[in-house]
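Show me the folded form of this:
(one chain, ligands or ions: 3)
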Amino acid sequence: MERAVVDTFLRGIPSFPSADKMANIFSYESSEVDWCEDNYKHSEIVVEYFNTMSSFIFFVISPIMLYLLHPYARERNLAVHLVWIMMVFVGIFSMYFHMTLSFMGQMLDELSILWVLAIGYSLWFPRRHFPSFVKDRRSFSQMVLVMTVVTTIFSFFKPTANAYALNFFALHIIYSLLVELKDCPNQRVLRLTWASIGLWVLAISCWISDRFGCSFWQKLNFCYLHGIWHILIVLATAYASTLIAYLDATLEIPYSLPDVQYWPRDSWAIGLPYIVLKGTTKLRKRC
Ligand SMILES: CCCCCCCC/C=C\CCCCCCCC(=O)N[C@@H](CO)[C@H](O)/C=C/CCCCCCCCCCCCC
Ligand SMILES: [Ca+2]
Ligand SMILES: [Zn+2]
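Ligands and ions are numbered 1, 2, ... in the order given. Sure, this is the predicted structure:
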């Protein structure tokens, strides 16, 4: 198709960048979003140095979580690993976005989060809350897939709204967890729930403060809140995903007697949570 035709077609769509702009979606600072950290302060090729470097946390936590969740994934479904494999891509795209502040970086960063959420919902959304027209988890996952593909396409029309929309998923997850755990007597599980919510509250406070309180933080010469958000949101995801996986295990593989422990030492005040399966496996049970 002629470039002029493409251009005319694209200009007809509200908020869609023209073909000229499309060519520049990879260029530095082509995103409308610019975080509080000073640009090019420490490097000529890395726009936001601390925000870029703090994304390294994704590459530290993801392999540890893949290792810690493996016994549960082996018993339940190896597809569970997709969540933390995908988190590595979120980290790569987050680094790319803050290094360039390009429109493409922004879209890859936001869309990879959307796909992590889609995988999480497909795997872990409780069966009893499925809409009545959905007959099993396979159909539910197919429905989530279709919705995610449609949302992926529409997210190009109002890119700045995507991040706000994504944050609302956290509210839905917290609401669902609180409903699920209303009468839970297990203190370890309750501790994990409040730690997940506490980390998320700290994380989102940093995200909002960086977005809307930048002039205040600039006066204090402390413009690193978005980088701190990266670290806290990865930890919140580690805590929340373990909690959700634990609840899933109690429903889907109850014979495995799941319990929560902390790595590297269960007795330490801080650590990464994981699931231990104290029961016999399905195979051994049959013998
Ligand atoms: C039954 C549902 C199960 C779903 C479980 C899956 C939970 C994990 C989901 C998402 C991972 C979050 C990864 C965050 C990456 C941040 C990258 C980033 O900083 N991007 C910013 C730009 O650089 C962008 O502005 C941020 C956009 C907002 C992201 C909102 C993410 C929602 C996080 C949900 C975390 C759940 C915590 C729940 C706490 C109890
Ligand atoms: Ca900046
Ligand atoms: Zn970021």
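
Look up how far ligand 2 lies from the closest residue to ligand 1 within the stretch 101-250 of the chain.
Nearest residue of the stretch 101-250 of the chain to ligand 1, counting by C-beta to the nearest ligand atom: G120, 2.6 Å away. C-beta here means a position set from N, CA and C on the backbone, and glycine is covered the same way. With the distance defined as C-beta to the ion, to the nearest Å, G120 ends up 30 Å from ligand 2.

element containing that residue?
helix 103-124 (DSSP states H and E).

Run through the neighbouring helices and strands of that helix.
With contacts taken as 3 or more C-beta pairs under 8 Å, 6 or more residues apart in numbering; DSSP states H and E, helix 103-124 sits against helix 81-100, helix 137-154, helix 159-180, helix 225-252.

Can you convert these into TSV and add a column each for mean neighbour count, mean pLDDT and distance to I204?
Below are the helices and strands packed on helix 103-124 laid out as TSV (neighbours: other C-beta atoms under 10 Å; pLDDT from 0 to 100; distance: least, C-beta to C-beta, whole Å):
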stretch	mean neighbour count	mean pLDDT	distance to I204
helix 81-100	21	98	16
helix 137-154	14	97	21
helix 159-180	14	94	7
helix 225-252	22	97	8
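
sorry, back to before: can you give me the angle the helix holding G120 makes with helix 225-252?
Relative orientation of helix 103-124 versus helix 225-252 (axes from the mean of the first three to the mean of the last three C-alpha atoms, to 10 degrees): 20 degrees.

what's the neighbour count on V46?
Using other C-beta atoms under 10 Å, V46 is surrounded by 18 other residues.

re earlier: will you turn the helices and strands packed on helix 103-124 into TSV that also has distance to L108?
Below are the helices and strands packed on helix 103-124 laid out as TSV (distance: least, C-beta to C-beta, whole Å):
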stretch	distance to L108
helix 81-100	4
helix 137-154	11
helix 159-180	11
helix 225-252	15
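
Please tell me how far the residue of the stretch 101-250 of the chain closest to ligand 1 sits from S176.
Between G120 and S176 the distance is 11 Å, computed by C-beta to C-beta, to the nearest Å.

before we move on, back to that, from what I see, the residue of the stretch 101-250 of the chain closest to ligand 1 and L243 are in contact.
No. The criterion here is C-beta atoms under 8 Å, and G120 misses it with L243 at 11.9 Å.

Next to ligand 1, which bits of the stretch 1-150 of the chain? Give me the list.
Contact residues (C-beta under 6 Å from any ligand atom) of the stretch 1-150 of the chain with ligand 1: V90, S94, F97, D109, I113, V116, L117, G120, Y121, W124, F125.

What distance do you get for the fifth one to G120?
The reference is to I113. 11 Å.

Equivalent analysis for the fourth one, please.
In this structure, D109 and G120 are 17 Å apart, going by C-beta to C-beta.

OK, contacts around the closest residue to ligand 2 within the stretch 51-200 of the chain?
In the stretch 51-200 of the chain, the residue that lies nearest ligand 2 is L101 (7.0 Å; C-beta to the ion). Contact analysis of L101 by C-beta atoms under 8 Å, 6 or more residues apart in numbering lists Y28, E29, S30, S31, V33, D34, N39, V47, E48.

Quick check: phi and psi on the fourth one?
Here the main-chain torsion angles of S31 (degrees, to the nearest 10) amount to phi -80, psi 150.

Report how many residues lie close to the closest residue to it other than its chain neighbours.
Nearest-residue entry for S31: Q106, 4.2 Å, with adjacent residues in sequence omitted and distances by C-beta to C-beta, 6 or more residues apart in numbering. Per other C-beta under 10 Å, the neighbour tally for Q106 reads 24.

Which pLDDT value goes with Q106?
Per-residue confidence at Q106 stands at 97 (pLDDT).
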